[in-house]
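# Model the following, please.
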Amino acid sequence: MAKFYQDDKQFVDMPLSIAPEQVLQTFTELSRDHNHSIPREQLQAFVQEHFQAKGQELQPWTPADWKDSPQFLQKISDAKLRVWAGQLHQLWKKLGKKMKPEVLSHPERFSLIYSEHPFIVPGGRFVEFYYWDSYWVMEGLLLSEMAETVKGMLQNFLDLVKTYGHVPNGGRVYYLQRSQPPLLTLMMDCYLTHTNDTTFLQENIETLALELDFWTKNRTVSVSLEGKNYLLNRYYVPYGGPRPESYSKDAELADTLPEGDREALWAELKAGAESGWDFSSRWLIGGPNSNSLSGIRTSKLVPVDLNAFLCQAEELMSKFYSRLGNDSQATKYRTLRAQRLAALNAVLWDEETGAWFDYDLENKKKNQEFYPSNLTPLWAGCFSDPGVADKALKYLEDSRILTYQYGIPTSLQKTGQQWDFPNAWAPLQDLVIRGLAKAPLPRAQEVAFQLAQNWIRTNFDVYSQKSAMYEKYDISNGGQPGGGGEYEVQEGFGWTNGVVLMLLDRYGDRLTSGSQLAFLEPHCLAATLLPSLLFSLLSR
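Predicted structure coming up:
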């Protein structure tokens, strides 16, 4: 392979200068003229002549509903944090993109999938939209009072479902074979909460149902346990071949395996990308080489977070149909949610540990390593035990997660993969923090605040040093931009900004920009809560 570019994604994102048939014909002739071994210089000249620079098909876009001072800024007491939040609010304009008309008129020249409405991108190498990133982006946009921007992004996703039957991983044709964590129904719920736009829901409710059908028909697996069968979902891509955006890496990795195992490896890598956790020790357990991607087996695991997301989506669909007066469909989704809840309890919940765990289909056991995703059902409200928050809190304490000062680690395993220690990711902070914050326990709510304080200070301190927000952070040494994985850490950054704005909105009257504090151990936490508890009792 020529490897003209350090990042394979750069090449597959470059538009063609002329029709693909002409490019292919010219390449075939060039290859024939050089006995199928084109010299590097001439190959490079061919690429320069027939391909345009990456990003030419997009243009900057300033959202029409962007305003100077959204109301949530006034809830932030700390002056430095308020200024910072205003700067993050400004970044929506920098991350706004819309497609040039030629993407519609000549789609064959672009890897970009045409979308009618402008959108917010993550940033850095990610100049197109991404599915699950957009959920936290939309949460931030709604706090910025940009509901029309959110509606347009939602419509883009709904249009994709109508065309392809699912929301692709991202906005490129090479992502069409795989999706990402299914959050479209949750996005609609966020939009409805802020706008009460029932007409938009009514127009699109069947499309939401169509997307959930994709996961039911294509990503369902049966788990037999103690004489009962439970239907749950997994990430699974039944197509081989290297990922185009990581072609050379996938091809080189496959060279280490027997030829008959290569297609299966590539399918598992795509399933790992579909999970959003590309890549992590979550998907490597039991492989022949524990830290090598050659041992990836994503489709052999039933993930906690995927099933919690679908559980919440089924609950929301029941509520949506009730709101629209369709009782039979509301009952259908209520039943589906109840069935999934029973499966989560039977297959993924571990009473002794007080958490849910991914289930290994091959070895018929839970993977009891720590991942923040283990607590996603708490975030999604997908549990029946009223004492689950207390058990989850004890699980965090027993795992010593609360001793980390700069954020919740993605795992406790250091593999060199980006979804492992020492990296911390914004959406995973939200899963744990909001899960605890929803609990009626004062202790859980205080832990949620402390976790929020830690994350805010890490993001604020790095921003103060580097004037940038990052997709992930290294929490092992004072909090720095993250690393590991297949590419350099990226700036921007859509979902990081969204989660920070959410935390500032929720805790703005308490959060501070001061020096980092060590997290409270359980006995210290109890001492902290005691005065407020006594005050509450005495004031009755």
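
# Over to the nearest residue to residue 238 once chain neighbours are set aside: give its phi and psi.
Leaving aside its sequence neighbours, residue 238 sits nearest to residue 267 (C-beta to C-beta, 6 or more residues apart in numbering; 6.5 Å). Every residue, glycine included, has its C-beta placed from N, CA and C. When quoted as degrees, to the nearest 10, the phi and psi of residue 267 stand at phi -60, psi -40.

# do the same with residue 465
phi -80, psi -40.

# Buried residues, the helix or strand containing residue 231. List them.
Using DSSP states H and E, residue 231 sits within strand 228-233. Across strand 228-233, burial judged by 16 or more other C-beta atoms under 10 Å covers 230, 232-233.

# before we move on, what about stretch 445-459?
445-459.

# likewise stretch 432-443?
432-437, 439, 443.

# Over to stretch 109-126?
Neighbour-count burial for stretch 109-126 [16+ other C-beta under 10 Å]: 109-115, 117-126.

# Just these: which are in strands?
Those of the buried residues of stretch 109-126 mapping onto strands are 119-120, per DSSP state E.

# Distance-wise, check residue 27 relative to residue 20.
10 Å (C-beta to C-beta, to the nearest Å).

# host element of the nearest residue to residue 239 once chain neighbours are set aside?
In space, and not counting its chain neighbours, residue 239 is closest to residue 177: 4.8 Å by C-beta to C-beta, 6+ apart. Assessed by DSSP H and E, residue 177 sits outside every helix and strand.

# Surely residue 177 touches residue 243?
No - the criterion here is C-beta atoms under 8 Å, and residue 177 misses it with residue 243 at 9.3 Å.

# Who has more neighbours out of those two?
Each of residue 177 and residue 243 has its neighbours counted (other C-beta atoms under 10 Å); residue 243 has more, 25 against 18.

# Pull the contacting residues for that one.
174, 250, 266, 269-270, 273 (C-beta atoms under 8 Å, 6 or more residues apart in numbering).

# Narrow the residues you listed to those in helices?
250, 266, 269-270, 273 (DSSP state H).

# Output these as CSV; include the columns neighbour count, pLDDT and distance to residue 256.
Converted to CSV, the ones in helices among the contacts of residue 243 look like this (neighbours: other C-beta atoms under 10 Å; pLDDT from 0 to 100; distance: C-beta to C-beta, whole Å):
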residue, neighbour count, pLDDT, distance to residue 256
250, 23, 97, 11
266, 21, 98, 13
269, 27, 98, 13
270, 27, 99, 18
273, 24, 99, 19
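
# just these now: which is nearest residue 63?
Nearest to residue 63, judged by C-beta to C-beta, of the ones in helices among the contacts of residue 243 is residue 273 at 28.8 Å.

# ok, so what distance separates the closest one from residue 183?
16 Å.

# now residue 122
15 Å.

# Same check on residue 151?
Residue 151 is 16 Å from residue 183, by C-beta to C-beta.

# Of those two, give the one with the bigger neighbour count.
Using other C-beta under 10 Å, the more surrounded residue of residue 151 and residue 183 is residue 183, with 24 against 17.

# helix or strand for the spatially closest residue to the more buried one that is not a sequence neighbour, which one?
Leaving out its chain neighbours, the residue that sits closest to residue 183 by C-beta to C-beta, 6+ apart is residue 135, at 4.2 Å. Per DSSP H and E, residue 135 falls inside helix 133-143.
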